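The following block contains a protein sequence and its predicted model.
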Amino acid sequence: MIHYTIEELLKNNQSWAARKRALQPNYFDELSAGQKPPYLYVGCSDSRLPLTRYTQTEPGEIFVHRNIANQVSLTDINFLSVLDYAVDHLKVQHIIVCGHYGCGGITAALEGNTTGLVDNWVNPIRELYLQHQTEIDCLTTREKRINRLAELNVIAQVKNLYQTSIIRKCMREDNAPQIHGWVLNLKTGLIEDMKIETSKWGLHISAYELPLSGSN
Ligand code: CO
């Protein structure tokens, strides 16, 4: 694992920018003109998860929100602002919730080995574990239990997205972005698409929320 000094980070930046300019002289003119990313990525803050590296995407392609254990919290004004801006202004076509195996936040929720604010933050995941305790406790290794909870957490956060007023409004207007649940396996560097069946959540809108039809 390479650890650069702060000075080296700045030097790295200079050589990266010079390389970009050499390859494409107008690269930064175009980049600075504005953004129109098709993707919103909701991921874990873990330093090993810059999705752009894993997907070979460039600056300008992925709008990002990251927090510990990639949670979609309906009371998090930070996340909701990102979602609102991504959907309403940037008009992203896809939202990707990407968890990862071996997640420290998931482990903390499962094993209760943390204190302080993180303990509060991961509490919804502890609740999720309690909902699925029978299934998880049957798994034969600690790794399997942590990884299964990471998967269930991705499903829960995709479901939470459908509970936000922002996505519900899109559903009513029939222009909701596609929502995907992924898990990254750090042991292989590969992303697994969980292929979450979202239609049951997407269509679950009460009758009174549907737009009134023409005559009445
Ligand atoms: Co994590």
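Perfect, I can see it now.

What lies in contact with the lengthiest helix in the chain?
Ranked by number of residues, the top helix in the chain under DSSP state H is helix 142-161. Outside helix 142-161, the residues within contact range by CB atoms under 8 Å, 6 or more residues apart in numbering are 42, 69-74, 83, 95, 97-103, 106-107, 109-110, 124-125, 128-129, 132, 135-137, 139, 167, 179-183, 194, 196, 198, 201. All C-beta spots, glycine's among them, are computed from the backbone N, C-alpha and C.

Restricting to C-alpha, output it in CSV.
Coordinates of each C-alpha in helix 142-161 appear next as CSV, following Å, rounded to 0.1, in the frame of the first residue of the first chain:
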residue,chain,number,x,y,z
ARG,A,142,-18.5,-14.7,10.4
GLU,A,143,-17.6,-13.6,6.8
LYS,A,144,-20.8,-15.0,5.4
ARG,A,145,-22.9,-13.3,8.0
ILE,A,146,-21.3,-9.9,7.4
ASN,A,147,-21.6,-10.3,3.7
ARG,A,148,-25.2,-11.4,3.7
LEU,A,149,-26.1,-8.4,5.9
ALA,A,150,-24.2,-6.2,3.4
GLU,A,151,-26.5,-7.6,0.6
LEU,A,152,-29.6,-7.2,2.7
ASN,A,153,-28.5,-3.7,3.4
VAL,A,154,-28.3,-2.8,-0.3
ILE,A,155,-31.8,-4.2,-0.8
ALA,A,156,-33.1,-2.2,2.2
GLN,A,157,-31.5,1.0,0.9
VAL,A,158,-32.9,0.5,-2.6
LYS,A,159,-36.3,0.0,-1.0
ASN,A,160,-35.7,3.2,1.0
LEU,A,161,-35.1,5.1,-2.2
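
Quick check: buried residues in it?
145-161 (16 or more other CB atoms under 10 Å).

now stretch 125-139
Those would be 125-126, 128-129, 136, for stretch 125-139 by 16+ other CB under 10 Å.

repeat for stretch 86-101
Those would be 86-87, 92, 95-101, for stretch 86-101 by 16+ other CB under 10 Å.

what about it, start to end distance?
The straight-line separation of the ends of stretch 86-101 (CA to CA, to the nearest Å) is 26 Å.
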